[in-house]
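K.L.:
how would this look folded up:
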Amino acid sequence: MTPRTRIVVITAVGLITVVLAVVFATRFGADPRLSPSPLIGRPAPDVTLDLVESGEMLPLHDLRDQIVVVNFWAPWCVPCRAEHADLLALAESFGDLEVSVVGIAYQSREDDVIAFLDDLGRGYPVGMDERSRAAIGFGVRGVPETYFVDRNGTVVAKISGPISLGLAAATLDRMIMGDPVESARTGEVQTTP
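P.N.:
Numbers count the residues shown, from 1 in each chain. A predicted model of the protein is given here:
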């Protein structure tokens with residue numbers, strides 16, 4: 001190998017090493033759950049929920065012309081227990097303004113969901129997510145996650161982590177006024193019991 005070829009090879013190896021180091025350094029430790037939802041600005045998935053206890057079917061597309069707050073939760077999720085009272089208050093406060101709150105039980109058994117509701121209360125429809133179809137459609141990465149869907153059926157924001165009444169109400173107020181809304185991360189989501 002000639003001295004010039006050796007310099008070219010060493011330079012190329014050094015350059016590749018630097019590029020790989022930069023790539024790994026910027027992605028190392030990045031949590032994929034923090035990436036924005038690809039649904040923002042796109043139509044909400046067309047899912048049909050089997051409502052707990054009543055057995056009625058609720059196609060989400062039946063809620064067009066309303067703002068819909070879709071909350072994925074599970075009875076085994078600690079932050080979900082903490083946010084439940086705020087979701088009940090949200091459903092009560094905004095129900096007259098053509099806003100629907102819908103809960104979707106994520107990777108749960110119906111008897112556990114009913115026990116959760118018996119313990120913490122009912123106030124909005126809750127559906128079972130058979131075979132995780134709704135979670136897959138929405139791209140759920142863990143619970144709790146809440147999606148805001150406008151009157152046209154477009155997902156406009158996602159909250160990862162527990163939602164508070166204040167944050168949810170502020171988001172809905174902005175949507176009702178026609179102002180843009182932003183997604184947020186309020187805490188950790190749980191992926192398994």
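K.L.:
tally of neighbours for the closest residue to residue 154 other than its chain neighbours?
P.N.:
Distance criterion Cβ to Cβ, 6 or more residues apart in numbering; nearest residue to residue 154, sequence neighbours excluded, is residue 43 at 6.0 Å. C-beta coordinates here come from the backbone N, C-alpha and C atoms, glycine included. Residues near residue 43, counting by other Cβ atoms under 10 Å, number 12.
K.L.:
quick one, what contacts the residue nearest the centre of the chain?
P.N.:
In the chain, the centroid-proximal residue (Cα atoms, centre = their mean) is residue 145; its distance is 3.3 Å. Residues in contact with residue 145 (Cβ atoms under 8 Å, 6 or more residues apart in numbering) are 71, 72, 138, 158, 159, 160, 161, 189.
K.L.:
measure it to residue 98 for me?
P.N.:
Remark: distance between residue 145 and residue 98 (Cβ to Cβ, to the nearest Å) = 23 Å.
K.L.:
With residue 193 instead?
P.N.:
From residue 193 to residue 98 the distance is 35 Å (Cβ to Cβ).
K.L.:
Compare the two (neighbour count), which wins?
P.N.:
Counted by other Cβ under 10 Å, residue 193 and residue 98 do not tie: residue 98 has more neighbours, with 13 against 10.
K.L.:
If the residue nearest to the centre of the chain is in a bridge, with which residues?
P.N.:
Assessed by DSSP bridges, residue 145 has beta-bridge partners residue 72, residue 160.
K.L.:
now it: how far from residue 176?
P.N.:
22 Å.
K.L.:
swap in residue 141?
P.N.:
On the measure of Cβ to Cβ, residue 141 and residue 176 end up 28 Å apart.
K.L.:
repeat for residue 90
P.N.:
13 Å.
K.L.:
The two: who's more crowded?
P.N.:
residue 90 (26 against 15).
K.L.:
what about the more buried one, which SS state?
P.N.:
Here residue 90 is recorded as helix under DSSP: H, G, I helix; E, B strand; the rest coil.
K.L.:
Not including adjacent chain positions, what is the nearest residue to residue 140?
P.N.:
Leaving aside its sequence neighbours, residue 140 sits nearest to residue 72 (Cβ to Cβ, 6+ apart; 5.0 Å).
K.L.:
Go ahead and confirm that neighbour touches residue 107.
P.N.:
No. Residue 72 lies out of contact with residue 107 (Cβ atoms under 8 Å); the separation is 9.6 Å.
K.L.:
so residue 82 touches residue 164, yeah?
P.N.:
No. Taking contacts as Cβ under 8 Å, residue 82 lies outside contact range of residue 164: 9.3 Å.
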